[in-house]
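S.K.: Pasting a predicted model and its sequence here:
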2 protein chains.
Amino acid sequence: MLQTKLIPRTASAHEPPMLIKSLLAQSLKYEPQREIVYRDLFRMNYLEFNRRVRRLANTLTALGVKPGDTVAVFDWDSHRYLECFFGITGIGAILHTINVRLSPGQILYTMNHAEDKLVLIHEDFLPLLNAVKADLTTVEKYVLITDKVYADSTVGNTVPDGFEGEYETLLEKASDEYDFPDFDENTWATTFYTTGTTGNPKGVHFSHRQLFMHTMGLLTYVSGYECVSFKSSTDVYMPITPMFHVHAWGFPFLATMLAAKQIYPGRYEPEMLLRLLVKEGVTLSHCVPTILQMLVNSPAAQQFKPQLSRWKVIIGGSALTQGLAKAALELGIQVCAGYGMSETAPIMSVTYLNDEERPLPIGEQVNLRIRAGRIAPFVDLKLVDDHGNTVPHDGHSVGELVARGPWMTQGYYKEPEQSENLWRDGWLHTGDVASISPDNWIQIADRTKDVIKSGGEWVSSLAIEDLLSRVEGVAESAVIGLPDDRWGERPHALIVLKPDYTGKVTPAQIRASLQQQVEQGDINKWYVPDRVIFVPEIPKTSVGKIDKKKIRSEMREIILNA
Amino acid sequence: MLQTKLIPRTASAHEPPMLIKSLLAQSLKYEPQREIVYRDLFRMNYLEFNRRVRRLANTLTALGVKPGDTVAVFDWDSHRYLECFFGITGIGAILHTINVRLSPGQILYTMNHAEDKLVLIHEDFLPLLNAVKADLTTVEKYVLITDKVYADSTVGNTVPDGFEGEYETLLEKASDEYDFPDFDENTWATTFYTTGTTGNPKGVHFSHRQLFMHTMGLLTYVSGYECVSFKSSTDVYMPITPMFHVHAWGFPFLATMLAAKQIYPGRYEPEMLLRLLVKEGVTLSHCVPTILQMLVNSPAAQQFKPQLSRWKVIIGGSALTQGLAKAALELGIQVCAGYGMSETAPIMSVTYLNDEERPLPIGEQVNLRIRAGRIAPFVDLKLVDDHGNTVPHDGHSVGELVARGPWMTQGYYKEPEQSENLWRDGWLHTGDVASISPDNWIQIADRTKDVIKSGGEWVSSLAIEDLLSRVEGVAESAVIGLPDDRWGERPHALIVLKPDYTGKVTPAQIRASLQQQVEQGDINKWYVPDRVIFVPEIPKTSVGKIDKKKIRSEMREIILNA
């Protein structure tokens, strides 16, 4: 690194580290009366929220949690989880957000690997815990979370054997005075596990500085620029991505810093989501395409159109298809895409329509909005080929997307080889094949391992899925490559039909529809899947992405024999 | 500091330092076509701006400027100055923004003290330079700046003896390829000098990290919250505070990061300012009250009302009086106040009307808008008494305001004693006496040295100036305390009358007007100045603040004999 002259500092001078507590401090400065709401069960203002975070800090300390200790949380999206985002990290401890969709065996592995000391757990997940409890090697104490306490506060006095108490009841007993200390901004704040294609789940980790900077990046995006304009005085935020999934994309940190009204929906139930959306006036959410699809298809969607037309939704996790984007835009929902991964905290790119694109008619905007977005503020992305050479950003050349930025995990916990492989050549390797246009639009072609090599051509499984999403009757599809004697690999498609179309459309008709596009010269002939198979449901991963690994391993025979 | 567990980092992992170059990089991401304009002489888009910054970096390198070297700039507010903000700091050198309003002797002192190596100077300031040039001990090279080159490019080939060339001409010869290097984020980026009440000018210094964080603080204020809502797609920024004065309050860094349209007005001339305001559609500026007063009083103001009513102005440097705030609001100008100083980079507090205050009628808002604002994002302020004890934030108790935050100068260059005095007890001492309300509004009572101690009561000179601003006929006033045998000190007022009132109002009438407020019980009787003296002009410091030190020393006899 270049040698320069640093600023002089007198002995008594002070410069604060970048800590999560300084985001929390903002929430009291100007708008302490705004609200944080949990379902139809609980609401409070920011004054009370801050008091509760301090009560949590005292509770954790009383339970023996020390700086550097790891605290595991099992909960639905709640105000309590938000309190943990600030309270656990505020005392210098590490928040382990448990992915409750993992198998009990995987959860056991991650808890022992992360060396969790204390567990805060919603009663809905007790069966999961009980399945593995005997094999936990580091956990010392348990705290119960239950929604019943909001109806009957005496419930908090009865907890399972071996538990220290119930969350609300413990908080109530604790003092609301607590001075969050200063410490190194590179302090480990959060950890969670990502399940790859092979081997054990891998632990990513983020520092206070990284989460502070991610909040600044999001702020620059949603408030500095304006594709998804977020005004703290009039916008209302509700996550529909689990808080255990990359801190609900970091939005809770931003919403808290801006003291915006926040709604936490608990367990995702379509009816409750829609009710909160309308009753609380939600204007900003983020979710995977499946959830948006479900809400858009809901019979209630037309009825709630006035509120939906004020709703901005950022889609991530899987690609936004043209069909879904159009359906959402037709309901007035301002739909955008973001792209990221657990390793990148997660934002790497976001939809941004510039001065020239913003006035485009909705129809033309769809094609931009379904892209993976533009390179996010403060993030640096480039493409490399198999030899590590840079691939030009010309909008059509493809290469593996590699990233740098202020909020990337600096490795996988206790996995030195995989850490170095992730960061080979000093760039974080996303494992995604993409193109980048000269004006910074990212188009994900595929996961490096999902891309289909047919007759020497790279065929993007995502591109075929997008084509299929526009065929009448198709609700959802998954395309994978399977070995082929002549072409090396060939694409095959699993399709879920819309309810009305079952029994009325044949696989041949679906293929014919794509064939027609080949004849019109719109697509190459090798894009037409060899086989189209109707299935009732497409296998998904624990975070709701299409599980191609599972499809390839479990459905291979079914597909090839279809 | 508390011992915690830091995030692990694999050897190849990368996390970027917070450098000014990452603000610049943002300007190319989404809106490279937006414009930067200099008077009616020059306009370019951000693509060209970035090319020019890289040309400047190459020019500086060719002239022998190395990391850690200091480069002095003498210029009016211009696109060139903006290029220096990024180009000089980008190569790891230090930008010394020369306060051209200092005396030649003071300028000489600061240039030798800062050890300037290279000087970029606008021809208007050559007489200033020539007065001191023989005594400069460290300067090696000079570059000329002239506006004439925009009309006749051959002008750039004729420069004074001993000069390396002319700015535009040198840039044109340089390559526009340059990779800004990474270096420590605590690298010294800028320096400038503040003139205190006694002794030599003192050099403050800011790092890349501090200026990055100041930009994030401003962003949080203007884009995250919305009192002065700044939208990069529709807002147009024009500074009317010199760029040598605390980097024009840091706004050029923010405007560049957001790729907002920016207008640089060169030398401040009322006609040019108004013309640019209207022609370029300026919507955000900041200035001292004197400049706003001048524009509001201008005969053209009524004519330009449509544009002025879209104009947001942040006032700093001196207190915004009720009279001026009202006059501006009546023209539709959204006027707010900010408070800060050279040592604090500068933002410490800013007007923010919360959900309850925003709907108030303009008349009631005036009383809030003339305050020094609320504690700024990420800044921590408190009050201390003479013994260093904390004074309550109850809205009426007063104490010295002390500050902490991510962008405070960490001392005065080569002034160890004054640095420690500034930072005694680990808090930056502002030298201002203030109160803080429970909801974070700051009211500056006075400079610690300007406060008047009359009969055991602290009387705020600023409060009396505000009272006087509301008396008919008063254009401007300055109140100082002078020794009094009976009361210890008593206030005395210098007053500039509005042109129409000269000869029509007497000092006795002014005092009677305040006396009436005493009888109504609105103010205490000791607030009425002992003497009121009409003057054609009030002495100002080099940055346009009322120079009470000068008034006390030079006008004392005049006042006492009046």
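M.R.: Yep, it's here.

S.K.: now residue A:409, what's its secondary structure?
M.R.: Three-state call for residue A:409 (DSSP: H, G, I helix; E, B strand; the rest coil): coil.

S.K.: Look at it and say how many residues are nearby.
M.R.: 29 (other CB atoms under 10 Å in any protein chain shown). The C-beta positions use only the backbone N, C-alpha and C, and glycine is treated the same way.

S.K.: can you check residue A:152 too?
M.R.: 9.

S.K.: what do you get for the one 4 residues further on?
M.R.: Neighbours of residue A:156 under the rule other CB under 10 Å: 20.

S.K.: And for the one 10 residues further on?
M.R.: Here the number of neighbours of residue A:166 (other CB under 10 Å) works out to 22.

S.K.: what's the closest non-adjacent residue to it?
M.R.: residue A:156 (3.8 Å; CB to CB, 6 or more residues apart in numbering or on different chains).

S.K.: Quick one: name the residues of the stretch 301-450 of chain A near chain B.
M.R.: The interface of the stretch 301-450 of chain A toward chain B, taken as CB under 8 Å from any CB of the partner chain, is made up of A:352, A:354-356, A:358, A:374-375, A:377-378, A:380, A:404-406, A:408, A:410-411, A:413, A:416, A:419-420, A:422-428, A:440.

S.K.: Tell me which of these fall in strands.
M.R.: A:374-375, A:380, A:404, A:428 (DSSP state E).

S.K.: just the buried members of the residues you listed?
M.R.: Neighbour-count burial (16 or more other CB atoms under 10 Å in any protein chain shown) is assigned, among those, to A:374-375, A:380, A:404, A:428.

S.K.: and which of these is nearest to chain B?
M.R.: Nearest to chain B among these is residue A:404, at 5.3 Å by CB to the nearest CB.

S.K.: Which strand residues bridge that closest one?
M.R.: Per DSSP bridges, the residues bridged to residue A:404 are residue A:380.

S.K.: got a list of what it touches?
M.R.: A:379-380, A:426-428, B:14, B:16 (CB atoms under 8 Å, 6 or more residues apart in numbering or on different chains).

S.K.: Alongside chain B, which residues does the stretch 451-562 of chain A contribute?
M.R.: Near chain B, no residue belonging to the stretch 451-562 of chain A is found when assessed by CB under 8 Å from any CB.

S.K.: Helices of the stretch 451-562 of chain A, start to end?
M.R.: With DSSP state H, counting those that start in this stretch as the criterion, the stretch 451-562 of chain A has helices at A:461-469, A:507-519, A:548-554, A:556-561.

S.K.: Looking at these, spot the one closest to residue B:215.
M.R.: helix A:461-469 (36.8 Å; CB to CB).

S.K.: Let me see the mean pLDDT of the closest one.
M.R.: Mean pLDDT, helix A:461-469: 87.

S.K.: By neighbour count, which bits of it are buried? Give me those.
M.R.: A:461-469.

S.K.: ok, so of these, who is nearest residue A:40?
M.R.: residue A:469 (34.9 Å).

S.K.: dump the residue contacts of that closest one.
M.R.: The contact partners of residue A:469, by CB under 8 Å, 6+ apart, come to A:321-324, A:476-477.

S.K.: Low-confidence regions, the stretch 351-500 of chain A specifically.
M.R.: By pLDDT under 70, the weakly predicted segments of the stretch 351-500 of chain A are A:456.

S.K.: ok so residue A:262 is a helix residue?
M.R.: No: looking at residue A:262 with three-state DSSP, it is strand, so not inside a helix.

S.K.: If you count neighbours, what's buried in the lowest-mean-pLDDT helix or strand in chain A?
M.R.: In chain A, no helix or strand scores lower on mean pLDDT, DSSP states H and E than strand A:457-459, which sits at a mean of 74. By 16+ other CB under 10 Å, the buried positions in strand A:457-459 come out as residue A:459.

S.K.: Please name the strands paired to that strand in the sheet, noting orientation.
M.R.: When DSSP bridges is applied, strand A:457-459 pairs with strand A:452-454 (antiparallel).

S.K.: about what we covered before: please indicate which of the residues of the stretch 301-450 of chain A next to chain B are buried?
M.R.: Buried members of these, scored by 16+ other CB under 10 Å, are A:352, A:354, A:374-375, A:377-378, A:380, A:404-406, A:408, A:410-411, A:413, A:419, A:422-423, A:427-428, A:440.

S.K.: re earlier: give me the residues contacting the least confident helix or strand of chain A.
M.R.: Taking CB under 8 Å, 6+ apart as the rule, strand A:457-459 contacts A:398, A:433, A:445-446, A:451-453, A:481, A:491, A:524, A:526-527.

S.K.: What's the PyMOL syntax to select whichever of these are buried?
M.R.: With 16+ other CB under 10 Å as the criterion, this PyMOL line picks the buried residues out of the contacts of strand A:457-459:
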select buried, chain A and resi 398+433+445+446+451+452+481+491+526+527
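
S.K.: TSV for the contacts of residue A:469, including neighbour count?
M.R.: Below are the contacts of residue A:469 laid out as TSV (neighbours: other CB atoms under 10 Å in any protein chain shown):
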residue	neighbour count
A:321	24
A:322	16
A:323	21
A:324	23
A:476	22
A:477	25
